[in-house]
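Engineer: Starting from these lines, generate the structure:
(chains A and B)
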Amino acid sequence: MTTLSSLSGKPWIWSFAATIIVWVVTVLFTGGSSSLGLTQAALTFAAFSVVVGIGQMFVITLGPGNIDLSVPATMTLSGTIALKIMEVQDGMILIGLIVAIGLGIGVGIGNFALIKLLRIPPIIATLSMSFIVQSCAIWTNRGLRIKPPQALSDFTTSYTFGVPNVAIVAGALSVAAWFLLERTIYGRWISAIGQSPFAARMAGIPVDGTRFVTYVLCAVLASLCGYLLASFSGGAALNMGAEYLLMSIAVVVIGGTAVAGGNSNVPGIWGASLFMFLVVSMLNTYGFGAGVRLILTGLIIIGVILAAGGKQAAR
Amino acid sequence: MKLSSSAIRTILPAASLAVLLAAVFYMQPRAMTYTGLNLLFNLAVPIALATVAQMLVMAVNDLDLSMGAFVSFCACVAATFLQASPAIGILILAGAIAVYAALGVIIHIRQLPSIVVTLGMSFVWAGLAVLILPSPGGTAPEWAQALMTAKPHFMPMAILASLVIAVLTHLLVMRSTFGVLIRGVGGNMRSVERAGWSVIGIRAGAYALAGLFAVLAGIALVGLTTSADANIALRYTLLSIAGVILGGGEFVGGRVSPVGAVIGALTLTLAGSFLSFMRISPDWQIGAQGAILIIVLAMRLALNRMEKREKVH
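Structural biologist: Numbers count the residues shown, from 1 in each chain, chains lettered A, B, ... in the order given. As a prediction, this is how the structure comes out:
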């Protein structure tokens, strides 16, 4: 039992260990001059991966086959529409946020409706949904680049006591997610469903209700991330969510959440998100071209999984 | 009329393809000709090959998220090395297939999630493709181009190729010992193991075979497009998964249908052509493709339920 509990603590250690190594290697190369800037940039960009990663983690925890591929499209649509509604007015910031969250709820409901009513595997249901959502985004965007309201733009690009504001938001969401997972009945339910949907149903857990809430939660976090990212980067772009599809899955899995479901891990998402950003910036610092950078990124991902996954297999 | 459930599995995708095809013919009767059919289904051949590759991985309960990047990589190799110095090209592609087999072994031995390993590999393949072809270019090998643009008299090349792929993979996966073993690993790994087979070997074989079909997809794609670029087939990852599911395959349990997978790929390709005939604004094309996917799957559900009701009575 003691080995089991020590092993369960291990998955996220790996991602942090890897992060620290990569950070040190990068800072060493620049002679220590970039350590503050690098850390702030890493926290900023990791924050976006963390927000979508948390949503994806909840979905993946539901068990095999559960995954949300509509994350990038939802991000794009919410960023586009929120900026359009806010019309660069500071007074509309809150309304924009509410609209973004509302959009997330809508997409989440759509996803779950397809999964439940049409009995489509989640991977295909969310993929089809993402096509439709992406089309809506293309239609609303029309190539126009609307700026975010000044106050919102300032908030997302500035720091509080040296910590990027977006990282603080992501940190608050992570604490909430951790609380939800570890301290509420809902968190126990999704873990139970991930471990055995049949047993969960027999134990009287409202399986469909829990899955519904989880898909909605994931879509809301994705749209929240789209709202923040569009404000941070000075406008919404149609491909702004693209890289977050693989990223959201990668940070969850590298962070030590079991892909088979039933076991999730919030701290690991931070470790993995920081790691993913730092790897790219390390390879940039060393002056590698795009091709070599991609290859090394891939090999490092596999290396981390080999190192971390081997322990899990030993059980 | 009694139908086995495996027959239903094949008939449903075929029916949805027929409905879609009828709709296209109704809107554009000129599509009913030799050239029209060839144009409609031309791009389906590489997608069908990639779908079959994905199906082989799904048969052993895994998922290959690197399919698109790998097919792009193969296309880049085909348009450069395979064209300029065939021996080196063949060597590289054979090496890539060996890497696929090795992935199967690693995934099995270390009990790793295939999704993550192939996710990592997708970066590796994409990086290699960028190294080979930093900017779009290259030339397709003449034989690949000749093969893909051939005009046999009795039927369009695209249809003929799809038929050949469907029949060959059906024999391979549904009728051969190896095919039964692959599906057995997906269905019940332990019983295959207890029967004395090497599950590692079977999984490695399934991955290698998937690699081979993906290589063929890359070559076929280059034969059609005559040149390549590093991102040429990125959407194949999702297309191939969708094709397998449309064709009646399932994510777990070794339940796959090769004929269905080819039909699924044809249906997805046709959906694209269908939309351009509908003159839908480009803004909504992707969305409409999603809607078609949903409608086809909803039809499948309805037919499935009808079949179940018949069984009860």
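
Engineer: okay, CA-based contacts and neighbour counts for the rest of this
Structural biologist: Noted.

Engineer: average model confidence for stretch B:120-135?
Structural biologist: When pLDDT is averaged along stretch B:120-135, the result is 92.

Engineer: wait, does it contact chain A?
Structural biologist: Yes. On the criterion C-alpha under 8 Å from any C-alpha of the partner chain, stretch B:120-135 is in touch with chain A at B:120, B:121, B:122, B:123, B:124, B:125, B:126, B:127, B:128, B:129, B:130, B:131.

Engineer: Tell me how many other residues crowd the first one.
Structural biologist: When neighbours are defined as other C-alpha atoms under 10 Å in any protein chain shown, residue B:120 has 26 of them.

Engineer: coming back round to it: got the residues of stretch B:120-135 next to chain A as JSON lines, with distance to residue A:151 and secondary structure columns?
Structural biologist: JSON lines is the format used below for the residues of stretch B:120-135 next to chain A (distance: C-alpha to C-alpha, whole Å; DSSP: H, G, I helix; E, B strand; the rest coil):
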{"residue": "B:120", "distance to residue A:151": "39", "secondary structure": "helix"}
{"residue": "B:121", "distance to residue A:151": "42", "secondary structure": "helix"}
{"residue": "B:122", "distance to residue A:151": "39", "secondary structure": "helix"}
{"residue": "B:123", "distance to residue A:151": "38", "secondary structure": "helix"}
{"residue": "B:124", "distance to residue A:151": "41", "secondary structure": "helix"}
{"residue": "B:125", "distance to residue A:151": "42", "secondary structure": "helix"}
{"residue": "B:126", "distance to residue A:151": "39", "secondary structure": "helix"}
{"residue": "B:127", "distance to residue A:151": "40", "secondary structure": "helix"}
{"residue": "B:128", "distance to residue A:151": "43", "secondary structure": "helix"}
{"residue": "B:129", "distance to residue A:151": "43", "secondary structure": "helix"}
{"residue": "B:130", "distance to residue A:151": "40", "secondary structure": "helix"}
{"residue": "B:131", "distance to residue A:151": "43", "secondary structure": "helix"}
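
Engineer: just the buried members of those?
Structural biologist: By neighbour count, with 16 or more other C-alpha atoms under 10 Å in any protein chain shown, the residues of stretch B:120-135 next to chain A hold B:120, B:121, B:122, B:123, B:124, B:125, B:126, B:127, B:128, B:129, B:130, B:131 as buried.

Engineer: ok, so of those, who is nearest residue B:197?
Structural biologist: Of all these, residue B:197 sits closest to residue B:121, with 28.1 Å by C-alpha to C-alpha.

Engineer: which phi and psi does the residue lying closest to the closest one once chain neighbours are set aside have?
Structural biologist: Spatial nearest neighbour of residue B:121, excluding adjacent residues (C-alpha to C-alpha, 6 or more residues apart in numbering or on different chains): residue A:298 at 5.7 Å. For residue A:298, the backbone dihedrals (degrees, to the nearest 10) come out as phi -60, psi -50.

Engineer: Might one say that residue A:298 is in contact with residue B:128?
Structural biologist: No. Counting by C-alpha atoms under 8 Å, residue A:298 does not reach residue B:128; the two are 10.8 Å apart.

Engineer: quick one: contacts for the residue in the stretch 101-250 of chain A that chain B sits nearest to?
Structural biologist: Proximity of the stretch 101-250 of chain A to chain B (C-alpha to the nearest C-alpha) peaks at residue A:132, 3.7 Å away. By C-alpha atoms under 8 Å, 6 or more residues apart in numbering or on different chains, the contact list for residue A:132 reads B:284, B:286, B:287, B:288, B:290, B:291.

Engineer: now the helix or strand containing it: mean pLDDT?
Structural biologist: Per DSSP states H and E: residue A:132 is located in helix A:122-141. Averaging the model's pLDDT scores along helix A:122-141 yields 86.

Engineer: swap in stretch B:175-186?
Structural biologist: Mean predicted confidence for stretch B:175-186 is 90.

Engineer: before we move on, what about stretch B:202-213?
Structural biologist: Average pLDDT, stretch B:202-213: 95.

Engineer: Okay, now the unreliable bits of the stretch 201-313 of chain B?
Structural biologist: Along the stretch 201-313 of chain B, the model assigns pLDDT under 70 to residues B:307, B:310-313.

Engineer: now check the helix or strand harbouring residue B:91, is it near chain A?
Structural biologist: Element membership of residue B:91, judged by DSSP H and E, is helix B:86-109. No. Helix B:86-109 lies out of reach of chain A by C-alpha under 8 Å from any C-alpha, never closer than 8.9 Å.

Engineer: Run the chain-centre distance for that helix.
Structural biologist: Relative to its parent chain, helix B:86-109 has a centroid offset of 19 Å by C-alpha atoms, centre = their mean, to the nearest Å.

Engineer: Are there helices or strands packed against it, and which ones?
Structural biologist: Applying 3 or more C-alpha pairs under 8 Å, 6 or more residues apart in numbering or on different chains; DSSP states H and E, one finds that helix B:86-109 makes contact with helix B:67-79, helix B:81-84, helix B:114-132, helix B:199-225.
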